[in-house]
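> Below are the sequence and a predicted model; questions follow.
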Amino acid sequence: MEIWINPACSKCRSALTLLDAEGADYTVRRYLDDVPSEDEIRAVLDRLGLEPWEITRTQEQAAKDLDLKDRKAWPRDATGRDRWIKALADHPKLIQRPIITADDGTAVVARTEEAVRDALSR
């Protein structure tokens, strides 16, 4: 499995602590340094079963600068999907974290201990 983290994030550090405590075999991806491509974001979204706006941190300054809350400029439907994905690739800090890609081909946004354990069980 792989976990996308921001080392400054307490939720990411908690997830790593739990993975270590469980003896999990995983790879860390510091996604702010190793920025995922648009195709990688699409693949993770498919694995999550989510849309890009569902994993966007809308309180970040970049989100405010882009005015992501303006639903006319940023439609949350198929017409706006590619634009949202590009925004996430261009501004990776907007990506919700941590994200764990599980060995069974799925993924979870692992912000809780329960979500991390869910990924471990897959």
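Received the coordinates, thanks.

> When you work out contacts or count neighbours from here on, use the C-alpha atoms and nothing else.
Will do.

> Without its sequence neighbours, what residue ends up closest to P92?
L32 (5.9 Å; C-alpha to C-alpha, 6 or more residues apart in numbering).

> Next, count neighbours for the one you found.
L32 has 17 neighbouring residues, counting by other C-alpha atoms under 10 Å.

> in terms of contact, does it touch I95 like I think?
No. The pair L32 and I95 does not pass the contact test of C-alpha atoms under 8 Å, sitting 9.4 Å apart.

> And what about the residue lying farthest from the centre of the chain, helix, strand or coil?
Most distant residue from the mean C-alpha position of the chain: K72, 24.0 Å away (C-alpha atoms, centre = their mean). Following DSSP: H, G, I helix; E, B strand; the rest coil, we place K72 in the coil state.

> ok, now the one 3 residues further on?
In the three-state summary, P75 is assigned as coil, counting by three-state DSSP.

> Next, count neighbours for it.
P75 has 16 neighbours, counted by other C-alpha under 10 Å.

> need the contact list for it.
For P75, the contacting residues are R81, by C-alpha atoms under 8 Å, 6 or more residues apart in numbering.

> State the phi and psi torsions of it.
Taking degrees, to the nearest 10, you get phi -60, psi 140 for the backbone angles of P75.

> Look up the pLDDT of it for me, please.
pLDDT recorded at P75 is 97.

> ok, it to V108 distance?
According to C-alpha to C-alpha, to the nearest Å, P75 and V108 sit 24 Å apart.

> before we move on, what about K93?
Distance of K93 to V108, computed by C-alpha to C-alpha: 18 Å.

> what about those two, which has more around it?
Between K93 and V108, counted using other C-alpha under 10 Å, V108 has the larger neighbour count: 22 against 19.
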